[in-house]
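Asker: can't give you the sequence, but here's the structure:
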Ligand SMILES: C[S@@+](CC[C@H](N)C(=O)[O-])C[C@H]1O[C@@H](n2cnc3c(N)ncnc32)[C@H](O)[C@@H]1O
């Protein structure tokens, strides 16, 4: 039985309202595998039966399941590499010198998915940075997907996941092989000074001037222009004066009409909040 446009629209409207992620009509085919997973999960015969259940009531458990399924959690270690080197060698040392009175810089990975980005920052500072900056920051990691956050906290990765982007010497140095399950666990020292929490970039209240660095990578590409502008405004608010925002490699501030100053550091574009803001 084919899924009707009414059913596709129901799920795409729900996801748009709760996450800001847009599935337009020409993207409906991308909902198919997710709808099939839900059909299996609910042990129903087809999308019409599934639709009847979801239309009747979406409780918080089902809401989390829908969000986990319909978000794209694609990520990998050392994604784009250059930004991590720039953070480790330039941005973190510069900010730490400018803020010598504070014990640790406050970094926010605001769409951290399953955690590869968080641990990449930590590995990069350890591998490419100077000794004195290794313990100079803490990471706050959030995501809208509860399942992705749980995985980030657990920090256990499959053989396939550690093969993507991670140099072999990093695997040996920062992971422990869990013999039975053929998985790899991040070493305990790399998990220290990390705080995990649920945060919806579209609907939750942003803190004021809390973070020195925000990584908001490969998440705004899925948002409409209007939502992007709203989130960027809020990220500006959440940064301390002089703080830096980092996007994914394919993302930019073009057309966003923001107050950020754009600068290139080690071949990576960073967006800085004015010191006098
Ligand atoms: C493609 S992943 C990017 C992960 C990582 N930042 C990277 O660049 O590798 C996008 C993440 O954004 C999260 N996300 C999508 N919409 C969100 C929202 N409204 N608020 C918070 N996180 C959201 C998804 O759950 C997903 O984990």
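Answerer: Cool, the structure landed. All figures in this text were calculated on a predicted structure; none of them were measured in a lab.

Asker: which parts of the stretch 51-200 of the chain sit against the ligand?
Answerer: The stretch 51-200 of the chain has residues 71-75, 79, 111, 113, 117, 143-145, 148, 199-200 near the ligand, with proximity defined as C-beta under 6 Å from any ligand atom. No exception for glycine: its C-beta is placed from N, CA and C like everyone else's.

Asker: In helices, which of those fall?
Answerer: 117, 148 (DSSP state H).

Asker: ok, of the residues of the stretch 51-200 of the chain next to the ligand, which come out buried?
Answerer: Buried members of those, scored by 16 or more other C-beta atoms under 10 Å, are 71, 73, 75, 79, 111, 113, 117, 143-145, 148, 199.

Asker: out of those, who's nearest residue 21?
Answerer: residue 71 (6.5 Å; C-beta to C-beta).

Asker: How about the contacts made by the closest one?
Answerer: Shown in contact with residue 71 (C-beta atoms under 8 Å, 6 or more residues apart in numbering): 19, 21, 144-145, 148.

Asker: got the residue ranges for the helices in the stretch 51-200 of the chain?
Answerer: 60-70, 82-86, 92-98, 116-128, 146-154, 159-163, 168-174, 188-191 (DSSP state H, counting those that start in this stretch).

Asker: Chain neighbours aside, what residue packs nearest to the most centrally placed residue in the chain?
Answerer: The residue lying closest to the centre of the chain (C-alpha atoms, centre = their mean) is residue 111, at 2.1 Å. Spatial nearest neighbour of residue 111, excluding adjacent residues (C-beta to C-beta, 6 or more residues apart in numbering): residue 219 at 3.7 Å.

Asker: Just the pLDDT at that neighbour, thanks.
Answerer: At residue 219, the model reports a pLDDT of 96.

Asker: Could you give the bridge partners of residue 272?
Answerer: residue 244, residue 261 (DSSP bridges).

Asker: Verify the stated contact: residue 54 with residue 62.
Answerer: Yes: using C-beta atoms under 8 Å, residue 54 is in contact with residue 62, at 7.1 Å.

Asker: between these two, who's got more neighbours?
Answerer: Shown here are residue 54 and residue 62; by other C-beta atoms under 10 Å, residue 54 has more neighbours (18 against 15).

Asker: mind checking how far that one is from the ligand?
Answerer: 20 Å (C-beta to the nearest ligand atom, to the nearest Å).

Asker: right, is the helix or strand harbouring residue 15 up against the ligand?
Answerer: Per DSSP states H and E: residue 15 is located in helix 5-19. Yes: Helix 5-19 comes into contact with the ligand (C-beta under 6 Å from any ligand atom), by way of residue 19.

Asker: Contacts for the next helix or strand after that helix next, please.
Answerer: Going down the chain from helix 5-19, the next helix or strand is helix 32-42, by DSSP H and E. For helix 32-42, the external contacting residues (C-beta under 8 Å, 6+ apart) are 3, 7, 11, 45-47, 49-50, 53, 65-66, 69-70.

Asker: what's the closest of these to the ligand?
Answerer: Of all these, the ligand sits closest to residue 70, with 9.1 Å by C-beta to the nearest ligand atom.

Asker: and the residue lying closest to that closest one once chain neighbours are set aside, what pLDDT?
Answerer: Nearest-residue entry for residue 70: residue 15, 4.6 Å, with adjacent residues in sequence omitted and distances by C-beta to C-beta, 6+ apart. Note for residue 15: predicted pLDDT of 95.

Asker: Residue 15: what's it in contact with?
Answerer: The neighbours of residue 15, taking C-beta under 8 Å, 6+ apart as the test, are 21, 23, 66-67, 70.
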